[in-house]
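Asker: okay, sequence plus prediction incoming.
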Amino acid sequence: MCGIVSLCYEDEEAGMGIEAAALLKRLEYRGYDSTGASFIDAARKIVLVKSVGAPSRVCRELGIDKFPGQRFIGQVRWATYGAVTDANSQPHHVRCKVEMVGAHNGNISNTDSLKAELTAQGHRVVSENDGEIVVHLVEDAWAENRRNPGPALAAQKRALSACGLSDVPDEVLLMVDAVRRAESRTEGSYAAAVSDPTVPGVFAIKSGSSLYAGIGTDERGSFVVVSSDLTSVLSKTRTLIPLAEGEGLWFTHDRYLVFSLSGEPVYSRPRPKRSKLNVQDTALDPRYSYYMEQEISSSPANIEEILRYYFRDPGAAALEAGLEDKRLIAKECLDRLLSLTEELDEEALRSGAEAVFSDPAWREVSSRVKDHAPRPESGYRGDEKAFLGELAKLLPGRLSDLALADATLVWRKRRAVVRRVGELSQAVRETGKAGGRVYLVASGTSYHAALTAAYFFDHLAGLPVYPCNPGMFRSLYLDTLEDRDLLLAITQSGETKDLVDILQDAREKAPGIRRVSLVNNENSRIPQELSDFYLPLLCGPEIAVAATKSFLNQIVILYLLAAGFRLPEAEVRRRVGRVRGLLEDTLRLTLPGVEAAAERLFREPSMHILGTGLIGLAREGALKIREVVLNHSEGYDAAEFKHGPNTILGKNTVFGLESLEAVLSAYADVLRNSPEAERDALLAAAPSEVLAKDPRILEAGFGNYPLVFVCPPDERDIRITISQIHTHKIRGADILLVAEKRPELALAVEGKPA
C-alpha cells in the first residue's frame, strides 16, 4: 500500500508546505519506506524533494513545510516495484519530451514491457519504480497531442458538447486525452496524480485503487484536494466531489471536471456532496498511539451496530409499528431531507430542512409516533448523524424532529437489512435444494473470515459452503459454475480488483447465478453494480493497513447468518449480544499474556500459527504478524503440519538474531580455547572450513522453533491439539496456545513431551 495526495490553491501560497507536510503525515500509515513532495509555483517552476524514510521524519529533515507553491503532489511509499532508494521514491519529475511531475499508488503489472517500449520511444527511465512509468506514459501521449492537436481535440470537444458542457481550455482536453491513452496502456490497479506546469490544475486517475476528492475554502482561499486516504481529505473539507472507479478528475482551486478513463469519452461535473463522516470519525484518538490499536479497542462497540441493524428491536416495537403504518409518507419526507445533503449553502439548507419539518406530511408521521419517539438528548445513531448534527446547529428548535428523523433512518435501514438477511437465507436454502453450491469468495483478511464462516455453517447450520480466494475460485470452480449456484463476495472496500473480476466472470459464465456481497463501503462498486443485493459490514472507516475491526464484524455477521438456520432470532440475538462483553473481557484479561508472548516472539525470524479446526484464524494471525511486525509467519492446519512442514524443527530451524549471537559466542569460545598457532589458522580460514572442523559452533545456534496453536473448545479438536503439541515438542518446538482454559491443554503445553 502507498498513498498519493494533491492540493491546488488559486495563487502561490507561502504556507503550501505546511499543508503538504500535514497531509503527508496523515498518509504515514499507508507507507513509510519513502516520502516525497513536489511543488509548482506561480512561475510554473517544479520543485521536487524526496527521500527514503517516513513522512514524520522526512518532512522535518527536508523542510517540506517551508516550501511555497500553488500546486502540490505528494506520495508516501510502501515499496513494491524497485528497492527502497531515493531514486525509486515518488513523485517523479520527467523532462524527456515535455516537463511533467506525478506520483501513483498501486501496481502496474506490465511495468517491464512498458519500460522497454518507452525507452525505445526516447524516454529516459531513471528508476525501477512503476510510478515513473505512469508519468512517462502521460508525458508521451501529451507530447504527441501537442505536436498534432487536431484529431484529439476535435474528438474531446464533441464528447464535451454531447455531455452538455463547455468552457474547458483546449490544453485541458488534450491532457485528458493523453491521460486516457496512457491508462489504456497500463495493466494493474492504481491511482495517480500528474501535472504539467504549463497547463492549469492537476489530473487525477482512479483505476482500481482508492481516491477521494474534496472542495472547500480555508484561510488561504479556495482549494481542491485529492488523496488516496479519506481522512486527509476530511481534514480539509467535508464537501466531497463524487468520483467513481474508472474515472479521472481535472481540478484547479475551484473548478473540476470528471471524465471516463476508458470507452467513449464521457464528461460530467457532479454536484459536490457532504461526507457522512467528520474528520473526528477518522482521527486518531489521543488515548491511542496507533490507528490499529484504536480500531482493535473499538471492535466491541461495533457489535452494537450489528445488533441495531441485523435484528428487530423489541424495545422499539411500538415506534416501528407507527413508522410502518406511515411508511410511504415517512419515506417521501426522508428523501426530501436527505436531498439537502447536496446543499452547501447554510441558509438554503436551513430553510429546506424547516420546510420538510413544517410539511403536514411530516407532522402526520410525527403525530402517529409521538408517544414512542426518541428523546433529543439520546444522540444520533444512524448513518446521517454528521448531517443531522449540522442541522441541529442551524435548527435548535427542531431537535425533536431531528431525533425522530434519525430514528426513522435507523428503522428504514434495519428493515432493509433484516429483509436482505431473509433473502440470503432463502437463497442459500434454494441453492441447496437445487443441488447448487454456495461459494464464499474473498481476498486476504476477508478470505480468512470466509474460511472461519465455513466452520460456522458446517457446525451450526449443517450446510456446506466453499470458501476460496479469487485465484482459487478461478482455477478450481469457475468453469463448472452453474445458474443454480450462489456467490457471496466478502470485502471491506467493495473495490477489490480480483473480486470485481470474479463477479464479472461469474455472471458471464452463469448468467443466472445469484451474487450477494458483504461489504463495508456501501457506496462502492461491488455492492452497487455487481451484486443482486448486499449486507453492510457496519464497522465504520478502517484506517490501519492491517484489518482488525472489519475482520471481527465479518466473523460476527457470518456467525449470525449460519446460526439463523437452526436457532430462533431471539437466541441468535442473545448470543451476538454477549459478544461485546466477551471481546471487552478478552482485550482486558489477555493483555498480560499477549504482551508476554510478544516479548518472547518478536525477535523470532519465523513461526507457524497452527489452527485445529479454525484454520481461518490461524492464517489471519500469521497475516497480522507479517503485516505488522514484518516477521515471516505461516498459518497452517495443525494436523497437517507433521506432513512435511515440521522438518523446520530441530537442526533445520531458521536462524535469528539470538541464534547468530550464540554462533558468534561459540566461535569466540573456540578461538579462546585454541593454541595460538591454531587460532591464527582459524582466523585465516574460510568460515565454511571452520564450521566443518568444529560442528559445535553451528549447533550452538540451533534452538526451538515457535509454534502457536489456536484451538476451539471442541473435544475432538482438543485431543488433536494435545497430540500435535507432544509430537512437535520432542522435535524442538516452543509452544504457545490460544484456547479456553482447560487443565489437559495446560499440562500439554507446560509439561514434558510424552
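Answerer: That came in fine, so what should we check first?

Asker: after the longest helix anywhere in the chain comes which helix or strand?
Answerer: Longest helix of the chain, by residue count under DSSP state H: helix 399-433. As assigned by DSSP states H and E, the chain's next helix or strand after helix 399-433 is strand 438-442.

Asker: average pLDDT for the longest helix of the chain?
Answerer: Taken as a whole, helix 399-433 has an average pLDDT of 96.

Asker: one more: stretch 229-241?
Answerer: Mean pLDDT, computed over stretch 229-241, is 90.

Asker: show residues contacting that stretch.
Answerer: 3, 5, 7, 22-23, 26-27, 30, 210, 212-216, 218, 223-227, 249, 251, 256, 258, 270, 272-275, 277-279, 281-283, 344, 386, 541, 543 (C-beta atoms under 8 Å, 6 or more residues apart in numbering). Every residue, glycine included, has its C-beta placed from N, CA and C.

Asker: find the centremost residue of this structure, please.
Answerer: The centroid of the chain falls nearest to Ser493 when counting by C-alpha atoms, centre = their mean (5.7 Å).

Asker: please name the nearest non-neighbouring residue to it.
Answerer: Asn521 (5.5 Å; C-beta to C-beta, 6 or more residues apart in numbering).

Asker: now Cys8, what's its secondary structure?
Answerer: Under the three-state scheme (DSSP: H, G, I helix; E, B strand; the rest coil), Cys8 adopts strand.

Asker: so how far is Pro360 from Ser339?
Answerer: Separation of Ser339 from Pro360 (C-beta to C-beta, to the nearest Å): 19 Å.

Asker: more neighbours, the two?
Answerer: Neighbours were counted for Ser339 and for Pro360 using other C-beta atoms under 10 Å; Ser339 has more, 11 against 8.

Asker: which parts of the stretch 251-400 of the chain are strands?
Answerer: Using DSSP state E, counting those that start in this stretch, the strands assigned to the stretch 251-400 of the chain run over residues 256-260, 267-268, 273-274.

Asker: deepest-packed of those, please.
Answerer: Mean neighbours per residue, mean count of other C-beta atoms under 10 Å, is largest over these for strand 256-260, with a mean of 21.

Asker: who does that one pair up with?
Answerer: strand 247-251 (antiparallel), strand 267-268 (antiparallel) (DSSP bridges).

Asker: for those, which one sits closest to Leu601?
Answerer: Closest approach to Leu601 among the strands paired with strand 256-260 (C-beta to C-beta): strand 247-251, 44.9 Å.

Asker: what sits up against the closest one?
Answerer: Strand 247-251 has contacts (C-beta under 8 Å, 6+ apart) with 8, 172, 175-176, 179-180, 183, 201-206, 213, 215, 224, 226, 241, 243, 256-261.

Asker: low pLDDT regions in this structure?
Answerer: For the chain, the stretches with pLDDT under 70 are 279-280, 754.

Asker: surely Val576 touches Ile555?
Answerer: No: using C-beta atoms under 8 Å, Val576 makes no contact with Ile555, being 10.9 Å away.

Asker: how about Ala103, secondary structure?
Answerer: Classification of Ala103 by three-state DSSP places it in strand.

Asker: which strand residues bridge it?
Answerer: The partner list for Ala103 in beta bridges (DSSP bridges) reads Ala193.

Asker: and it, how far from Gln90?
Answerer: According to C-beta to C-beta, Ala103 and Gln90 sit 4 Å apart.

Asker: okay, and the common contacts of the two?
Answerer: 4, 36, 75, 131.

Asker: give me the neighbour count for the first one.
Answerer: Other residues within reach of Ile4 by the criterion other C-beta under 10 Å amount to 32.

Asker: domain ranges for this structure?
Answerer: For the chain, automatic domain parsing gives the domain ranges 3-281, 315-407, 415-588, 594-750.

Asker: compare the ones you listed and give me the one nearest Tyr291.
Answerer: domain 415-588 (4.1 Å).

Asker: rewinding a little: list the ones among the shared contacts of Ala103 and Gln90 that fall in strands.
Answerer: Taking DSSP state E as the definition of strands, the shared contacts of Ala103 and Gln90 contribute 4, 36, 75.

Asker: could you dump those residues to CSV with distance to Phe702?
Answerer: What follows is those, written out as CSV (distance: C-beta to C-beta, whole Å):
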residue, distance to Phe702
Ile4, 47
Gly36, 44
Gln75, 44
